[in-house]
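Engineer: Have a look; sequence and predicted model below, questions after that.
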Amino acid sequence: MPQSRPQTPSPRRVGVREFRGNLTSFLKQVEDGQRFVLTSHHKVVAEIGPPSKDIVARKPGALRGKIKVAEDFDSLPADVLTSMEDEA
């Protein structure tokens, strides 16, 4: 007997103006798993829904001590500096 996949309801279509006017309510629905398709003048302009499970939160400072800046990072080569001074 074949297993049936759980049906995911199609996203609800909402006009941008309605979405903007009821933003808090719509965002609470998104937190509960609801998805929306935003339309403007009957044209789809965006989709909004809960984030996918594979998104990883960024950890500030994770690369601390692993990135080195060269000593001469902020100094210009003499020929570049000369050409810039000649243009002034």
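Structural biologist: Yes, it's here.

Engineer: Where does the residue at minimal distance from the centre of the chain sit: helix, strand or coil?
Structural biologist: Closest to where the C-alpha atoms of the chain average out (C-alpha atoms, centre = their mean) is P51, at 10.3 Å. Each residue gets one of three states, and P51 gets coil by DSSP: H, G, I helix; E, B strand; the rest coil.

Engineer: And it, how far from G61?
Structural biologist: Separation of P51 from G61 (C-beta to C-beta, to the nearest Å): 23 Å. For glycine as for every other residue, the C-beta is placed from the backbone atoms N, C-alpha and C.

Engineer: in this protein, which spans are helices?
Structural biologist: 16-21, 23-31, 78-87 (DSSP state H).

Engineer: Identify whichever of those lies nearest to V45.
Structural biologist: Set against V45 and scored by C-beta to C-beta, these come closest in helix 16-21, at 6.7 Å.

Engineer: So what touches the lowest-mean-pLDDT helix or strand in the chain?
Structural biologist: In the chain, no helix or strand scores lower on mean pLDDT, DSSP states H and E than helix 78-87, which sits at a mean of 82. Contacts with helix 78-87, where a contact means C-beta atoms under 8 Å, 6 or more residues apart in numbering, come from L76.
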